[in-house]
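*Asks:* Quick one, structure for this:
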Amino acid sequence: MPKPSSREADRPIDSSPLQKSGLDRRLSPAHRLKKSNLFAETFNQNQRWVGRYMVLWRRSGEGSAFRLGVITSKKISLRANKRNRARRRLREAYRNLRPYLSGDFDVLLIGRRTILEADWKDLLREMLKLAKRAELISDENLKKAKEAHEIG
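*Replies:* Numbers count the residues shown, from 1 in each chain. Reported below is the predicted structural model:
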């Protein structure tokens with residue numbers, strides 16, 4: 001058994017310095033929808049766009065600051081690990097496309113059952129398509145996002 005100081009878990013995973021330039025792509029608590037009344041308000045506005053892998057809801061109005069909320073219900077899977085995987089995929093797709101999105105809206109993504117088998121590029125393609133229909137992305141930024149992520 002290795003000595004406690006040389007265990008793999010004690011070593012830093014990434015020793016590269018933090019980037020000081022560029023957009024911060026983290027989804028900190030300030031970038032997330034958490035309060036149930038904000039979720040209810042989003043549903044009451046009834047601005048939704050349905051796709052094969054997800055449903056995108058848009059919330060406008062006071063306090064909207066381009067935050068993200070994610071919902072995965074037991075309709076996706078009764079297994080919590082699969083629901084968590086679906087949430088992680090939605091957050092990661094949003095995090096990658098967030099630099100191209102614009103507007104004064106909050107976004108709520110609801111995963112559908114097919115998200116677990118979806119190809120990553122198909123997931124990104126659908127999120128871009130729904131963002132375009134929801135007027136969250138301009139034509140110019142849509143083209144840039146497709147080129148950056150090599151989506152046809």
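*Asks:* quick one, strands of the chain?
*Replies:* With DSSP state E as the criterion, the chain has strands at 48-50, 54-59, 68-71, 106-111.
*Asks:* and the angle for the last one with strand 54-59?
*Replies:* Between the axis of strand 106-111 and that of strand 54-59 there is an angle of 160 degrees, by axes from the mean of the first three to the mean of the last three Cα atoms, to 10 degrees.
*Asks:* Could you list the buried residues of the helix ranked longest in the chain?
*Replies:* In the chain, with assignment by DSSP state H, the single longest helix is helix 80-97. For helix 80-97, the neighbour count (16 or more other Cβ atoms under 10 Å) marks Arg83, Arg85, Ala86, Arg87, Arg89, Leu90, Ala93, Tyr94, Asn96, Leu97 as buried. Where C-beta positions appear, they are placed from N, C-alpha and C, glycine not excepted.
*Asks:* show me where pLDDT drops low in this structure?
*Replies:* The chain contains residues with pLDDT under 70 at 1-24.
*Asks:* try it again with 80
*Replies:* Scanning the chain for pLDDT under 80 picks out the ranges 1-26, 152.
*Asks:* Okay, helices next: where are they in it?
*Replies:* Per DSSP H, the chain carries helices over the ranges 36-45, 80-97, 120-133, 139-148.
*Asks:* Redo those as a markdown table? Include distance to Arg52.
*Replies:* Output for these, formatted as a markdown table (distance: least, Cβ to Cβ, whole Å):
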| stretch | distance to Arg52 |
| --- | --- |
| helix 36-45 | 21 |
| helix 80-97 | 13 |
| helix 120-133 | 6 |
| helix 139-148 | 18 |
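*Asks:* So which of those helices is nearest Leu56?
*Replies:* Nearest of the helices of the chain to Leu56, taken as Cβ to Cβ: helix 120-133 at 4.2 Å.
*Asks:* And the closest one, what does it pack against?
*Replies:* Applying 3 or more Cβ pairs under 8 Å, 6 or more residues apart in numbering; DSSP states H and E, one finds that helix 120-133 makes contact with strand 54-59, helix 80-97, helix 139-148.
*Asks:* would you list the ones you listed in TSV and tack on distance to Phe43?
*Replies:* Below are these laid out as TSV (distance: least, Cβ to Cβ, whole Å):
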stretch	distance to Phe43
strand 54-59	7
helix 80-97	17
helix 139-148	27
